[in-house]
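A.B. asks: What follows is a protein structure lacking sequence information:
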């Protein structure tokens, strides 16, 4: 038994005395020994701030403090803050929360900041919060909340059009239910041994020393676990002709980070110790790392049993008219775009707690997932259990951004081990695992040709798109590449287009979705449009104006035969140009260069977001169940697994509006396959359109039943019964009415309704082929020509997501996406060395935007209803794609003033300074005069 020490301290005003191991961190002590789970673990290296607590009146990062070091101190956690604290109230009012994983840490640091400074400035607030990362909100609403909490009169009028998020209340009280907060009695902990080699043959895996370690229950290798496994593929890839995916690597490894063995132990410390005792011999081979070399076969094969590294390939023909344009048009411009490898990096990493009861033959898995019902099916397939024997729950999900839509290989391996052992197993992904093995995204290159007439109008385009899919693709991302080529022409009038798409395997981490698998269409096109504008001597705004589709051209059939309608690209472009005062910015840009030598750049980017795609099975449809409770409230049972999108609030708004109820009378249940109907989960910008339409259909069905029952009870015709103000009334005589509670009780008494006297209804909805939303982004940046740093001075977004349910939720989704786009443009990159070993091992290496680098965003809303039941459109992903291109264009615009050029992200200081050096001696005057604005 390991040495134990007694720790005595004061915790949230109460004395605590407990035994713990000397190496236990304060964070783990608070969580495991004291049951205070608001202290979240996001990095365990003191970077993210999610574990912030107060020690003797000053905040500390509890993942860096040992519990024994806290002996004799006074510790306060988010649970110990006064209920309804000014900062908590302000965060709720300002919609300063999305997934809520970072919220306890922000509450602790923000409270300390307000104690230190009674009225901090915006800059002081941002600097004070720079150690607390948020991946969802974009920080602006958090800063506003701290400002509001510091004011003498923090109460302001409520925005009736944007009710407060109901998800926030338990998060602000420190009662979040993330997967790491789940530890049933008898839980054992899992750790993986992962390959340090990118490619090679496994010669030996020796586990005897690990098995002999006190506290180790089991060690699995491929020979132990793989024979028990069914298919590990997600539903969309069943039947795909790809190399098989197994729980643990057996004969070969295909990327550094691939799992080789799984250890089960009494706690995660022992499990990690045991991993270090496993001996591994791998005969390393040269890895395939370069996508171009992978495509032409010159670098060898990632999977020797395959004929090539091509994972997918598709091409549309270059017809004679397009070929003629690409060769003979007055302007023919060749441009390239390269996007780096990125990680989703949600603050809550992946995790699962899986319990198998051999007697009952039932398996329950608590997971961090966007898609509980898909997880249920995946677990059924891999374990061999019937789907009815599997239950998946997902309470709070601390961010995902696409990573948690499809159940990962590691989660399925843990669940399979739980099935084999008949025990409860818990695995929480480390940040290192998250950055090296969970899933990467972006890593695309594109070479395009644009043909234009003499007036700068597009005649045709061709895109050659190469995608690095890593060791294997996950989920429907494997089908997204051809879609990039199909929507590449975007919101522009382009009569002719063709493309080639290739996806290739490399010895790197698997490719997954990250906030728009199709995003390269927007990112590459918008970067290229600016480059084309410079090549033909037009201002980027003017080139867009000459080619953007206008309202009188809709519906417009793209050259790939997709139909574009109910969008407003020309309108959003003009809104942004007006809001920025674009002509004045161009004059200021030239003046600052000539008079002070400063490099200021203006960026624009237009985007279409193809949401709720009706051909993307199985996430193209959804089901909702509504039930009237005995107290007259209505419960909506949904298959969603929200990670900060405000689904609980917005779907309650939809149901309340349809049934004529107050918002507080509708409750939403999600994330539990045992209680909810089968459905799509949350993702692909489909909740408002698909789930919202299913809710509307269920409400309509419920009203039919309710009105018939009310008519019988009231003695009036059913067609005269109306639902209004929370009661069912006779439209011809409003004095004749009964409440929903009375109706529910009558249904129960009479056995009326759909399920033994329960008044409920189901609604189903299948999405149309496409629901388009659109936006335009504009920004102003300054580039420090000595340091290569970029400062964003102004940011504007005009978006059209159809009929808005909740404006604050919409703005929160856009803001979070914008900041992720900024991170992709300037900071974030997953890197490997020449041997395929990952260099990005933590958040100190994978740099995320902080509060100090996030701009205030000006939002401009345009509402053009879609033809779907609620008139909504999706808008969860476009912010990231638009911002990445917009910020890139602004930086490129500034660099072009002195003849410097960039064609790839991230535009970090090294890349910017290299571009400036390559341009030669700098001058205070432009290399070429900037084109005049129109």
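C.D. replies: Cool, got the structure. Treat the numbers as computed from the prediction; the structure is a model and nothing was measured. Numbers count the residues shown, from 1 in each chain.

A.B. asks: Which residue is most remote from the mean position of the protein?
C.D. replies: residue 715 (52.1 Å; C-alpha atoms, centre = their mean).

A.B. asks: what pLDDT does that residue get?
C.D. replies: Note on residue 715: pLDDT of 92.

A.B. asks: distance of it from residue 733?
C.D. replies: According to C-beta to C-beta, to the nearest Å, residue 715 stands 11 Å off from residue 733. Using the backbone N, CA and C atoms, a C-beta is placed for each residue, glycine as well.

A.B. asks: now swap in residue 758 and tell me
C.D. replies: Residue 758 is 29 Å from residue 733, by C-beta to C-beta.

A.B. asks: Can you pick out the residue with more neighbours from these two?
C.D. replies: Taking neighbours as other C-beta atoms under 10 Å, residue 758 and residue 733 compare with residue 758 leading, 16 against 11.

A.B. asks: Okay, and the beta partners of that one?
C.D. replies: residue 755 (DSSP bridges).

A.B. asks: ok, now which ones touch it?
C.D. replies: 627-628, 747-748 (C-beta atoms under 8 Å, 6 or more residues apart in numbering).

A.B. asks: taking those one by one, which sit in strands?
C.D. replies: Counted as lying in strands by DSSP state E, out of those, are 627-628.

A.B. asks: Of the contacts of residue 758 - the most surrounded one?
C.D. replies: Within those, residue 628 tops the neighbour count with 25 neighbours, counted by other C-beta under 10 Å.

A.B. asks: so what's that residue closest to, chain neighbours aside?
C.D. replies: Nearest residue to residue 628 in three dimensions, chain neighbours excluded: residue 759, at 4.1 Å (C-beta to C-beta, 6 or more residues apart in numbering).

A.B. asks: Nearest spatial neighbour of residue 633, chain-adjacent residues omitted?
C.D. replies: Closest to residue 633 by C-beta to C-beta, 6+ apart is residue 665, at 4.9 Å.

A.B. asks: Now the nearest residue to residue 233 once chain neighbours are set aside. Its backbone dihedrals?
C.D. replies: Leaving aside its sequence neighbours, residue 233 sits nearest to residue 245 (C-beta to C-beta, 6+ apart; 6.3 Å). The phi/psi pair for residue 245 (degrees, to the nearest 10) reads phi -100, psi 120.

A.B. asks: burial of residue 245, as a residue count?
C.D. replies: 18.

A.B. asks: ok, which stretches of the stretch 701-850 of the chain are helices?
C.D. replies: Ranges of helices in the stretch 701-850 of the chain, per DSSP state H, counting those that start in this stretch, are 740-750, 807-826.

A.B. asks: need those in JSON lines with distance to residue 209, can you?
C.D. replies: Formatted as JSON lines, the helices of the stretch 701-850 of the chain follow (distance: least, C-beta to C-beta, whole Å):
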{"stretch": "helix 740-750", "distance to residue 209": "63"}
{"stretch": "helix 807-826", "distance to residue 209": "42"}
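
A.B. asks: so which of the ones you listed is the most packed in?
C.D. replies: Among the helices of the stretch 701-850 of the chain, ranked by average contacts under mean count of other C-beta atoms under 10 Å, first place goes to helix 807-826 (a mean of 26).

A.B. asks: Provide the strand pairings for the helix or strand following it, with the direction of each partner.
C.D. replies: Using DSSP states H and E, the helix or strand that follows helix 807-826 towards the C-terminus is strand 857-861. Strand pairing for strand 857-861, determined by DSSP bridges: strand 790-800 (parallel).
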